[in-house]
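[1] Let's see this in three dimensions:
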Amino acid sequence: MGYRYAVERADHSALASGQVLRSAPGYPGFPVRLASELFQRGLAHVHDSPVRLWDPCCGGGYLLTVLGLLHRDRVSHVRASDVDADAVDLAARNLELLTASGLATREAELRRSARDFGRVAFVERAEAAANLAAGLAAMGGDLPHDAAVADVFALGEPVGADLVVTDVPYGEMTRWSGGVPGEDPVGALLASLGRVLPERAVVVVAARTRRIALPEGVRALERVRVGNRSAVLVRARDVAP
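    The predicted structure follows:
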């Protein structure tokens, strides 16, 4: 490939689930460095930036929020959707951390917790929120975003997104729900996305599995394997039914 991408070696502990970002049982996080690598690989195939970024199986919004905080300068808008209304509510709260006011509110919450519970850990988290706010400002400031309840298998209207990055349910903490068709939810997911995305959009799907199977005749742009996770990158036009 005629491009290079960088995997950050900085300390990303502030982005761990439950530190500054909000968490809840049943809504897992995602390895930060892998998220950044997958985003950059996808971006290289989009070619143009900043991109409109979408996660149609967003869960608590962890993946999108991390990518927005790490790559604000290469993202123009973040869209989160999920069939689970509780997940979307948590995602919306996390996406508010992509704004100065959202991070200031979170910092204040953490400082109140530090006073109420007398724990140094909350002071450290509050300082991490302040540092994230400074980084966000340096990369362009508030990142526009929205979150909505939507069944990824029943998408109707076109979606203006250039890059999709999503971590699909894998049967442990998370499971497929909504109108899951047949025995190949990933194939159905890709077909649904292919119907609503611009044809040159890039879709990055990650899962806890050795290999993600693609529908017959669909060629992957790239495949990635790290530990117990794998990912595949495809062009939207190649998965359109």
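[2] only C-alpha atoms for contact and neighbour calcs from this point on.
    Fine.
[3] Give the burial count for T65, as a bare number.
    By other CA atoms under 10 Å, the residues close to T65 number 25.
[4] in a helix, that's where it is, yeah?
    Yes - assessed with DSSP: H, G, I helix; E, B strand; the rest coil, T65 lies in a helix.
[5] Now do the contacts for it.
    94-95, 97-98 (CA atoms under 8 Å, 6 or more residues apart in numbering).
[6] do you know how far it is from A240?
    28 Å (CA to CA, to the nearest Å).
[7] Tell me which helix or strand R106 sits in.
    Assigned by DSSP states H and E, R106 belongs to helix 100-117.
[8] can you tell me the average pLDDT over that helix?
    Averaged over helix 100-117, pLDDT sits at 96.
[9] For the helix or strand just after that helix, list the C-alpha coordinates in PDB.
    The first helix or strand that comes after helix 100-117 along the chain, using DSSP H and E, is helix 120-138. Provided in PDB are the C-alpha atoms of helix 120-138 (Å, rounded to 0.1, in the frame of the first residue of the first chain):
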ATOM      1  CA  VAL A 120      -6.800  10.200  44.900                       C
ATOM      2  CA  ALA A 121      -8.000   8.300  41.900                       C
ATOM      3  CA  PHE A 122     -10.800  10.700  41.300                       C
ATOM      4  CA  VAL A 123      -8.400  13.600  41.400                       C
ATOM      5  CA  GLU A 124      -6.200  11.900  38.800                       C
ATOM      6  CA  ARG A 125      -9.300  11.300  36.600                       C
ATOM      7  CA  ALA A 126     -10.300  14.900  36.900                       C
ATOM      8  CA  GLU A 127      -6.900  16.100  35.800                       C
ATOM      9  CA  ALA A 128      -7.100  13.600  32.900                       C
ATOM     10  CA  ALA A 129     -10.300  15.200  31.800                       C
ATOM     11  CA  ALA A 130      -8.700  18.600  31.900                       C
ATOM     12  CA  ASN A 131      -5.800  17.300  29.800                       C
ATOM     13  CA  LEU A 132      -8.200  15.700  27.300                       C
ATOM     14  CA  ALA A 133      -9.900  19.100  27.000                       C
ATOM     15  CA  ALA A 134      -6.600  20.800  26.200                       C
ATOM     16  CA  GLY A 135      -5.800  18.200  23.600                       C
ATOM     17  CA  LEU A 136      -9.300  18.600  22.000                       C
ATOM     18  CA  ALA A 137      -8.900  22.300  21.800                       C
ATOM     19  CA  ALA A 138      -5.400  22.000  20.200                       C
END
